[in-house]
Each structure stands twice: as C-alpha cells, then as structure tokens.
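**Q** Sequence and predicted structure, then a few things I'm wondering about:
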6 protein chains.
Amino acid sequence: MSATTPNGPRVDGRTAEQMREVRITRNWLDHAEGSALIEFGRTRVLCAASFTEGVPRWKKGSGSGWVTAEYAMLPRATSTRSSRESVKGKIGGRTHEISRLVGRSLRAVVDMEALGENTIQLDCDVLQADGGTRTAAITGAYVALADAITWGKRHAAVPAAREVLTDSVSAVSVGIVDGEALLDLEYREDVTAETDMNVVVTGSGSFVEVQGTAEGAPFDRDELNSLLDLAVGGCGELSEIQRAALEETR
Amino acid sequence: MSATTPNGPRVDGRTAEQMREVRITRNWLDHAEGSALIEFGRTRVLCAASFTEGVPRWKKGSGSGWVTAEYAMLPRATSTRSSRESVKGKIGGRTHEISRLVGRSLRAVVDMEALGENTIQLDCDVLQADGGTRTAAITGAYVALADAITWGKRHAAVPAAREVLTDSVSAVSVGIVDGEALLDLEYREDVTAETDMNVVVTGSGSFVEVQGTAEGAPFDRDELNSLLDLAVGGCGELSEIQRAALEETR
Amino acid sequence: MSATTPNGPRVDGRTAEQMREVRITRNWLDHAEGSALIEFGRTRVLCAASFTEGVPRWKKGSGSGWVTAEYAMLPRATSTRSSRESVKGKIGGRTHEISRLVGRSLRAVVDMEALGENTIQLDCDVLQADGGTRTAAITGAYVALADAITWGKRHAAVPAAREVLTDSVSAVSVGIVDGEALLDLEYREDVTAETDMNVVVTGSGSFVEVQGTAEGAPFDRDELNSLLDLAVGGCGELSEIQRAALEETR
Amino acid sequence: MSATTPNGPRVDGRTAEQMREVRITRNWLDHAEGSALIEFGRTRVLCAASFTEGVPRWKKGSGSGWVTAEYAMLPRATSTRSSRESVKGKIGGRTHEISRLVGRSLRAVVDMEALGENTIQLDCDVLQADGGTRTAAITGAYVALADAITWGKRHAAVPAAREVLTDSVSAVSVGIVDGEALLDLEYREDVTAETDMNVVVTGSGSFVEVQGTAEGAPFDRDELNSLLDLAVGGCGELSEIQRAALEETR
Amino acid sequence: MSATTPNGPRVDGRTAEQMREVRITRNWLDHAEGSALIEFGRTRVLCAASFTEGVPRWKKGSGSGWVTAEYAMLPRATSTRSSRESVKGKIGGRTHEISRLVGRSLRAVVDMEALGENTIQLDCDVLQADGGTRTAAITGAYVALADAITWGKRHAAVPAAREVLTDSVSAVSVGIVDGEALLDLEYREDVTAETDMNVVVTGSGSFVEVQGTAEGAPFDRDELNSLLDLAVGGCGELSEIQRAALEETR
Amino acid sequence: MSATTPNGPRVDGRTAEQMREVRITRNWLDHAEGSALIEFGRTRVLCAASFTEGVPRWKKGSGSGWVTAEYAMLPRATSTRSSRESVKGKIGGRTHEISRLVGRSLRAVVDMEALGENTIQLDCDVLQADGGTRTAAITGAYVALADAITWGKRHAAVPAAREVLTDSVSAVSVGIVDGEALLDLEYREDVTAETDMNVVVTGSGSFVEVQGTAEGAPFDRDELNSLLDLAVGGCGELSEIQRAALEETR
C-alpha cells in the first residue's frame, strides 16, 4: 500500500508524485497456476497465469519457452457499458495493442531457455476501470507469472535449478495535466491530460517500454524527463509491493 | 448462507438436498447501476446491470421496456484455459444458449410496461467456474436487476409508483448421480451426472424454465419428479438469500 | 399420418391432444447415406445423414463414434424473409441452441462403441416453418440416422452384429394456450402460448430432454404434468410413424 | 419435360443436343410471394421470391425498384458433404459469383421503373446438385419472380397497367467433353469437360450472359460457336417449359 | 506501347479498335520472385509472384504444382474511397470473382507436372483504377509468373529442362457503347456500356475465358462476334508487349 | 535526399547518424485529393488522402473536423509473402496499432476547428517493406494531408483564411544495435536491434510520440537519451524534405 492521507492538490487529494493505494491479492483464483487480483485505487484487474507444457508450433524443438498475454475489459468495467468484443466478432485496436504490450513487458524479464519448452499464457481481465488498467495489468501479471513459474518447478516441468525470471517488472502511467507532471493518473485525470505516458520498468530500474503520446500539445524534452523521473519512482514502489506480495506464504 | 457442516455422502461432504454455501456481495462494482458478485461454493459470477433510457428499435414507441442478458466466462475460469470468444471471433453455442436463458428468466418477473421505455442489460461474467454457473448467474442477476430498477426510480427514469418486479426469480441445478437425485451439482458431480436439470423458479414457487437433459440413460417420470422437488426446495433457499441481500442498506 | 377430420376447437380444427398430419418421405435425397423429408402439417424439414469413417480429433483412438447435428432454416421458410446466417457471417443463438438439442437427442439413443470410429453428421434444413421445426427435425433426423447406420453396416464400416441404436427417439412441442394444454403447436398457437415446452422421448417412453419455458406467466406443477402427459402421448404416435417409415422397403 | 428415351451416347443415354428432364413445381412454398422447385434431372433447386415494398437506401427516391438474388447449397446437396458457409462464417467465392450472376440475369428482363420502389429478393437453394445448379437457379427463379410480380400487382403495390417483365430468361450449361459439344451437362460430364460454358438467354433469343471457361485446353472460335448454338436451342426449350408452368392456374 | 496519337472519336480520342498505352515495368519489387507494374492508361496494377516449394494439402504427393491468385484494390484506387475489405472483415463478391478468374486464366497456360510440387501465388493489387483492372491484372500477372518460373529453375526447384509455360496469356475488355463495339474500355466508357465483355486469350489466339454481360439490353450474335474480333486483336497486341518485356535483360 | 556516399560501418555502409535516401513523389495518384509515394531506401509507402465533407456521427454538430488513418501492407511487400488480412477476415494487432499511431500523429498538427466539419482519411499502403514502414507512413501521410487541405480550401469546403496545420510532423525509427545507437534502421538492423524506438516529432522539434521497446536487454536512461538525440536530428532532415516536396509546383 502506498497512499495514505489524501490531502494533496489532485482530484482525489493526492500529491503529484503520489500513487493510488495499490493492493495485490495473490491466488484469487483456485484453478490457475498463478493469479492475482490487483487494484490501483478503483481500477481492478484479475490476472491469471496458465502454465502448459509445450510451445507454439513455430518454437517447437527450440528448447526455449514462450510467454504471451491477452488483455480484455468486462463490458461494465467502465462508467457506461461497452459492447463485448466477442459479440462484435472482433477485437478492437486498443485491446490488441495492450495485449501485445503486456506480453512484451513480461517476456523482457523471462529467460526463455530456462523456462524450457513450456508456455505461460497471461489473462488480464479488467473488472473495473479507473485509469491505468494496462499498467495495473502488467504489474499484477508479473506476480501471477512468478507463481506459475514456481508451479512449473514444483511440478518438475521446469528445471528447479535455473532462474527463469531475470528481474521483476512493473508499470505505471504518468502524464501532464494542467501543465504539471503527475504520477499514476486516475480516469478523470487521464481524459484531461495533455500528454500521457506509460512506462514499464524492471525491478533494477531499467526501461522495458516507454510510450508517450501528446494528446493535446506536443511535449518537449524537459517534460519528457520529468515524466520519466516520476515513472521510475512509481515503479520502484510497485516493485516493493510485488516483492512483499510474493513473500507472503501461499 | 446455506451449507454448514459438510459431512454428508457427496464429494464435498454435502447431503443430497444440501446446497453449497451461497454468498451475494451487492454493489461489488462502483459504476454499474446494480451489481452483485455471487458465489455458489467456488463458482463466482460477477453480475452487472446497466440501465439506459430508451429501447431497441423494434420496441420504440411501444411504451414498454426491455431486459436482456449476456453471459460469458473468463478464459481461466475453468481448470484448463479455454480460448477467448473475442479472439475466436465468434460466440459459441453454449454461451448463446445461456445468455438467452438468463434473459428469458429475468424478463419473466419484469412488468415491461411499468419499466417504461428503458433498457436494462445484464452482464454475467463467470470469474471462476465449479458447476452451476448459469443458475448462479440468474440468481445474482436478479439482485443486480432489482438495484438497477431502484436506481431508475431514484433518477426519475422509471415511475416510482409502479411495481416493476412482479416476483423474484432464482435458479438451481439438480441432477441424478449414481442413481441418486442431488441438489446444486458442483463440477465433479456435473460431469458424472446421468441427468442434469436446470430449474428456474419464482419467489412464489412457480416454474419459469425447466431444462432437463439425459446425459447418459434417459430418465423416467419418477426421477423427473424427484429432481423438481429438490429444485423447488433449493430455489426457496436462494429466494431467501436474495431477499436478505436486498434488505441490507446499500 | 395421425390427423384426420379437423373439427376440434383449435385454429386449424384439431382437438387439444391431436397432432397435425405427419408425413415422412424416406430417401428424398440421392446422395446422402440416409435422408428424410418430414412434414408436421405445413412444417417441412429436410434431414440428411452423412456417414464418414473416422472421428473428430478428440475422439481418435477411443474406439467409439460420434453423432452431431446442424439445424438451419432457409431464408424464406418463414412468412417474412430472414437474412441468411452465412451472409451475416455468424450463426444466431437460436440456431446454435437447436443444433445442440438435435445432436444431444440423437446421441441419447446411439451406442457409440457399437458405431465404432465413425461419424454421422445430421443436417436438418427447414424448408418451410409453421411451428415445431426443432421437434420435426429430431423426429426426421432419427429416420435418416437409422438409414445411415444401415448403410454403414452394408458397407462394412460398422460391424453388422452389433445393435447401434439402443432405442428410437422423437420429439413434440406442447404448450399452454388460453389456459389449455395443447399438443403439437402450429405457428399461430406458438406465438400466443403462455408456456411452450419441447419434449424428446424415446420409443420406450423415457425422457431425453424436457425444455419448458414460461413465455407469459410462470407455470405450476399441475400444468407441467398435463404438458408432459400430452407430449408422451404425441411421441408415442410419432414413434409408430417412424417405425412404419423404416419398415417400407427402400 | 424435354427428355424421353435415354438411348443416346452420353453417360445417361442422352444425345449431345438433348436436355435432361426438366420439371417446374410452381408454388412449392406456402409463404413466399412466388416460388418454384425446379429440377434438371437430379439437380433440384428451390427458388423463392420475396416481395417487399421499399428499396435499398441507395435507390430511395429513384422511383424504380430492385431485384437481387442469393444462391446457396445445402451441405448434403453434393455427393460428399460440404461445410455450411454459415458455420465457416463466410461465403465462398463460388457462392458469391453465382449469386451475382443470378441477380444480373433476372434484372436484365425487369423494367425497374415499372416495378416502382419495390424490392424482389430471390433465394435459390440447391437441395440436390448434379451439375447445372446455377442455370437451373436462373430458370426457376424467373418463374418465382413472375409470380411475385403478379402478387405485387394483385396487392396494388405495383401498378397493374405496366408490364414489369420485358422478356423471359433462362439458362443452360454447355461444354466440350471428349472433343464433343454437349448440352446441359450433368455432374459426371461437368468434371471431365475441357470447356464449360453457362449461357443465359432471353425468351426472344438474345444473350444476357455468356461465360465460357477452358478447364483443360483453350477453345477456338468454332468450338465457341457450336456451344452457343446448343445453348440457344436448350434455352428455347426451357423458355417453353417456363411458359407452360406459368400458364397453369395457380 | 500501343496508342500514339489520340485523335479518334472516343472520350480520350482513341479509335474503336485502339488500346490505351500499355506499359509493363518488370521487377518493380525487390523481394518477389517475379513482379510487374502494369499500366493500361491510368489503370495501374502491381503484380507480384511468390514462389514457394510445396503444394496445398490436397495436391500433396501428386507430383504436380499449383498456381493461384488474389486480386484486390487499394481503398483510394478509385475516384471515391471504398472501405478496406480487411476492415469490413470480409471479401466482396467482385473481389472473389476476379481472383478466381485471374487464377484460372494463368493455370490455363501452366503445365502443372512440369512445375513439379511447387506453388506460385500471384498477388494483383490495383494501385489506381480506370477500367480494365482485371484484364490488366491477368496480363501483368503472366509476366510476373514467367519470371517466378525462371527463378524456380535458376534455384533448381523446378527442372530446367521442361517447359512449364505452354503458351502466354493476356486479357482485354471490350464492350458496346452507344451501339458501337469498342476495345479496352476506360472507366467512363465502362459505366455507360450496354454490354461488357472480358476475354482472355492465349498467345496463339485461343480462348481461355469469355465473359460477356448485358448491362443494358441483351446482345445478339452479331454483336458478340464483333466484340470477340476486337478482343482477339487487342490480345494480340498485348501478347507482343509481354514478349518484349520478357526479352529485356533483367 | 539525405544519404550520399555509403561508406560508414553499417550493413549498407551508412554512418550511425545517417538516414537512408528519402524520396517523396507527390501526386502519385490521379484521383486522391492528396497523395505521395514515399521511399526510405527500399521501403516504399503509398500515402493517399481522401477529403470528404461531413464528419463521423459522434462529431456531428461540433463544428470541428476529423483526421483518421489506415495502414496496411501488401502481401508481398516483405521478403516472404504474408496472408492478406482481408482473406483472414480480421486485422492483426500490429496493423491496428500502427493505424492508430499514424492517425494520432497527424491529428497532433491539425487544428480541427479550422478544418471545419470535414474528414480527411489517410491510407498508407506499404508496397515494399525494408524497415521503418510506420515512420515512412507518417512522414509521407503528412505531405498527402497538406495537399488534401489545400484541395479543401481550393474547393471552398475549408475556409481559406484559417491555418489548418499548426506544424508539420515526421517520424523516424532509431535503435540500439550491437550496443550502438543508430538512426533509421533498415530491416536487417531492425531484427537484431536490442532496443527499437519510433519517434514522432513536429517541424518545430517537439515530441508527438515516443515509443521505445526493449527487444532484448532493457535500456537505461543514457541510451534513451542518445536515441532521442538521433531521432530529433533525423526528423529535422525529414522536415526539410517534406518542405521541399510541398514547395514544388504541382
């Protein structure tokens, strides 16, 4: 948990560099090899990791594994209902884009050879959305992934001796609202942000992804630097929360 | 809550006419006009009711409203992962069938004229499946529906004076396992049942739907009668649990 | 043929427990291994059974066979034209639901081990609809299935010595119209029915499926019992008509 | 009916310039505004014409009508079953192509202004296929179309005084098999034809469509001429059969 | 190049039997095994031939190869933008029809046994459309195909000794505009043509496809003959241009 | 044109901060309101801008316009052929993602109120791919967009007095290959890059998008800074090339 007394200047009383309260409930599901319900304030994402032996056809015989992810949102996660993508018969661009981002972010900290010819599929389903769903998904999926790897080792599918995870990974959104750089935007801030950036950072502080978009006016190098500073700080906190969650006995 | 000491002869220690523990968490979501997380043992279904003014084209000008439902299952609700229907690009027959069943069941207790030209859309998403997901969905959706109607009245979209709900409605599965009629099958029982029946019953004890299927040997009239007796009893309990949940202050 | 002088009180002059005239034209098609054009009054369904050696992947090596069904309606089977599902690019919920029902009903009377690793696919295409299309489909498909099994035996794909069919199966719709239980609803009755039930019964009188739905007011146990009585009687007649059709020399 | 004693040299005993027996059963359907079951030997196509007032958006206000067609084949029309296009979720190229051909052929004999702002939709469903399904579809659809126009006049949707049909239209396939030009190919001939041609001809003997394809060796001008001669003769016979069918009292 | 001084009576000054300027730019692409940008006046089609070893499943073990084609149009090839078929999620009837035509036309001049178990896939993408896109596609695709076969021989996938191409093939559109037969219609002529015909002819002057359609009044035998004469002449010119293009050193 | 003597250390002889030769052919298409064929070395993208009066439903009455983009790749743009998305029936995640990026990038320099209720649709079709297709698309689309706006002013659909474009926009890819930051990666570099970044920059040097991805090892702040420096330099050059292209008389 990171937030305490909401008395700063933001819509919900936070200060510019303050995250919302973050909660990770590990093993929220009974069937999945790893799972976590992660909350960034009112944003709630259910992350499930499914471990299966074998790899997709194009990796067969390579000796190394695969990690992939799908992100989706329940129709009433948002303040007005959206149509189901299954009913529309196709996946929207935003869903596709975030699924790919989550997969890439997790693969950045996995040693595929150590994983062996096994596949871990992450499912990140947004049960409630209030900004930052993709960053919550990455942060929670890491925890589910770690548990699924442990499961794989316990069931002898993955060699116990090798370290599959090379680092941890978390993500946070930052943005410029009314000219000020803010950490961990909630929805009301997100829609008014001039610049919106999602940053994925490893536990040791390196970048995995930096995705900044000018929604209003283009941004300059100084603004970019302020946003990156905030993001690195926020991911440091998230990294601690992940570590704490994974240390609890199951 | 219905189950207490699990010491009967069934796989989880229940007696033949005993339901699993049922829990309803009302208002699990912040945005939806009505919502309930319902649990039948390890089965967990998130039910959200979305209230919108206006009706589909084919009801415009009729003066009466519409209630519809969509049922879906998260990919890792089950013990092995299933592909997302959004990714496959089409909805499976089972999903279609259950969505239609949930919608019909709820419409059976709604006075569409009293609702006026408003639409309530129910979304029932199975977060975890352990048998009885469609009956849990109906039972939970009723609670979300009731809250959405209250919301409509409070926001003056629905005339406060008229009773929109003509009765309550709940559902339970029953089946014949090893020759014995059992109430509220969990997954391990469901897969071995010779006959499987879903029964939807109003609060006053009448039938809305009776769907019995011989999975193995056909069933005779006596077996059918035993199953109906069990179901009516189970729905009586569910009806009480619904009433209790709706009486809590929000 | 079951109906003779239409002078009862119903829209077409039948009595409450009277079926429409039922006709089965066996081998309506030249190519199919089994086929039947079945008519329940003006409802006409063309049922074709396709026998193929081999089974779907998930049954390979099991030693047992598979029976599956697809139901569909020609666009102008109904009084106003409906769009083709092939043009819409997806199958509707109703179509899915009925296809599944037909498949389950037929599988209930097939000994899959006796069938061996062979697949029989039933296609039930409604050429003209006037109520009761799904029950006509089941009843006609049974005849096509029986012929396809005979074909399989004659072509040595199925061992001749074993009985593949454990019983016959037929289906009929029943419903409550203006408070009265009626057998074999035609379309005009169907749309005004308060309760509508489809019942699938074996030749020996056991239930395979019971699907009752309150379209208007919920129904009570007595009504349910009256409907079941009517359905069992109707299926008895259908079972005779099937037997007679199958006894004709091809 | 055109064929009588099958003692010619072809696979079914016909002579080169002999058509199969052609039968048209008008009003095979009870609901459609026009319908015909047409048979060219074992090829059977059910043609239904649906009359609706109004035109597609792009013709609104033009004062003229529209005629369109959809062609499809039941899965077991053929000697081995094909998958349903509705199940595959898309229409194949061949289906598309034939639907467009049927529509164009019929529009060639309709005075759209005389039809007024009305739409006639033809559905041609092949119940059994033995070569020549598209030409049977065009020939049968013309009869259904004529009846639907009569219906439109009788119901005052179309001005009775104007002639909507400018001519009749029929179609036949011709081809070169073993170096010889043959009329009205059945399936066994069709698959071995070196050249295959479908010709659509008006009652007065002009061409609406000529579609010739070299399946094996390219064809020369003399062969093309022989095929056209045969086709014009065959369509003359079909035109007589159509006229006779339309003269029967309904 | 065929056209020179545009001073005839047609919209662009050509005479009735005059083609537009035709240009073939061989090897417009760096990656494809064969490619050609073909221009018929303002119509521009990019044709790419992809050579792959192996054949589709249904030809495996046959010892012979396969040639197939896909035709498509960029959204802004036309004077007003059309939606992308990829975005609509399905291919239109016209696209399907032309793809099939291009594939058939090329296969007519390929000795599949000489090609061996290899597949050549042609992609014909219309970059700009001004009438005659399908005929330009066939004519250009032949050049790309010839180069891909040469590539296959040079890379030892195809036996060098055998002649894979049995002839060349080209295509042209002809039509009747204001009662006059014209060669190689541009768009403004195409939309007003009473009859429109696409003719595919081998280098030695035989027909591969003849597709004539009455857009307005049906056409008679004399008109058909005039159109065929023009088409044979036009394809003779195209055949020369193809030969010249293929003789240039790469 | 930016590259001259290729004698640097990179695969094609460039230096780390050297772009490939860039060519813009304005008005490559005759029908589109604006168009440009842009080449970054062997990468060729055809950009077409379609101007239509009116806006999508959700912007009607807002007084402001809309700019949107679709990106796609011809099947044989790449060294091995990819399937068409239209044939697969759905658009892939990568296509979706890039289309969205192109649209956002262009909107960043458009004053939607000055555009008025008009829509400009950009189509960027990759004819040949050799790395950097999305950045070439953005850079070329800007030129097509500028011409379409001029067209709109000339045809009085857009008020001539207001400046619709607030700045120019271009994009370039940068990446770390073998530990070194390189500008404008071609395909062989792209596949081996440890980090890959696409940067969209305005003519005045501000950022519109920064999308950096660690393909191999995560990257640190210094590396990020080097990449941004290179990108800003490259976009400066592109901005000049755009300006020069737009200054040529049409």
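**A** Cool, got the structure. Numbers count the residues shown, from 1 in each chain, chains lettered A, B, ... in the order given.
**Q** And for the worst-scoring helix or strand of chain A on mean pLDDT, what's in contact with it?
**A** Within chain A, confidence by mean pLDDT, DSSP states H and E is lowest for helix A:85-88 among all helices and strands, at a mean of 90. For helix A:85-88, the external contacting residues (CB atoms under 8 Å, 6 or more residues apart in numbering or on different chains) are A:72, A:91-92, A:95, B:70, B:72, B:84-86, B:88, B:90-91, B:95. For the C-beta atoms, the positions are set from N, CA and C on the backbone; glycine is no exception.
**Q** residue contacts, residue A:34?
**A** Contacts of residue A:34 by CB under 8 Å, 6+ apart are A:27, A:48-49, A:51, A:143-151.
**Q** From those residues, keep the buried residues only.
**A** A:48-49, A:51, A:143-151 (16 or more other CB atoms under 10 Å in any protein chain shown).
**Q** Name the residue most distant from the centre of chain A?
**A** residue A:61 (30.2 Å; CA atoms, centre = their mean).
**Q** ok, so what distance separates it from residue D:196?
**A** 47 Å (CB to CB, to the nearest Å).
**Q** Kindly report the same for residue A:134.
**A** Residue A:134 is 56 Å from residue D:196, by CB to CB.
**Q** try residue A:53
**A** 52 Å.
**Q** okay, now the residue lying closest to residue A:128 once chain neighbours are set aside: neighbour count?
**A** Excluding its sequence neighbours, the residue lying closest to residue A:128 (CB to CB, 6 or more residues apart in numbering or on different chains) is residue A:44, at 4.4 Å. By other CB atoms under 10 Å in any protein chain shown, the residues close to residue A:44 number 25.
**Q** tell me which element residue A:44 is part of?
**A** strand A:43-53 (DSSP states H and E).
**Q** Show me what whichever helix or strand comes after that strand pairs with in its sheet, parallel or antiparallel.
**A** Per DSSP H and E, the first helix or strand lying C-terminal to strand A:43-53 is strand A:66-73. Note on strand A:66-73: by DSSP bridges, its sheet partners are strand A:118-128 (parallel).
**Q** if you average pLDDT over stretch A:24-32, what comes out?
**A** In this model, stretch A:24-32 has an average pLDDT of 97.
**Q** ok, back up a step: and residue A:53 and residue D:196? which has more neighbours close in?
**A** A direct count of neighbours by other CB under 10 Å for residue A:53 and residue D:196 places residue D:196 higher, at 23 against 13.
**Q** State the three-state secondary structure for the more buried one.
**A** strand (DSSP: H, G, I helix; E, B strand; the rest coil).
**Q** average pLDDT across stretch A:223-243?
**A** Here the average pLDDT along stretch A:223-243 is 97.
**Q** before we move on, what about stretch A:122-132?
**A** The model assigns stretch A:122-132 a mean pLDDT of 98.
**Q** can you give me how far it is from the chain middle?
**A** 9 Å (CA atoms, centre = their mean, to the nearest Å).
**Q** go on, stretch A:207-217?
**A** Worked out by CA atoms, centre = their mean, stretch A:207-217 lies 16 Å from the chain centre.
**Q** And stretch A:159-171, by the same measure?
**A** 16 Å.
**Q** Contacts for that stretch, please.
**A** A:105-106, A:108-111, A:114-116, A:134-135, A:138-139, A:142, A:145-146, A:149, A:152-153, A:158, A:198-204, A:206, A:208-209, A:235, A:238-239, A:242-243, F:218.
**Q** Buried ones among those residues?
**A** A:105-106, A:108-110, A:114-116, A:134-135, A:138-139, A:142, A:145-146, A:149, A:152, A:158, A:198-203, A:206, A:208-209, A:235, A:238-239, A:242, F:218.
**Q** still on that earlier bit, could you list which of the contacts of stretch A:159-171 belong to strands?
**A** Secondary structure from DSSP state E places A:198-202, A:208-209 of the contacts of stretch A:159-171 in strands.
**Q** Up against chain C, what does chain A have?
**A** Residues of chain A found near chain C (CB under 8 Å from any CB of the partner chain) are residue A:89.
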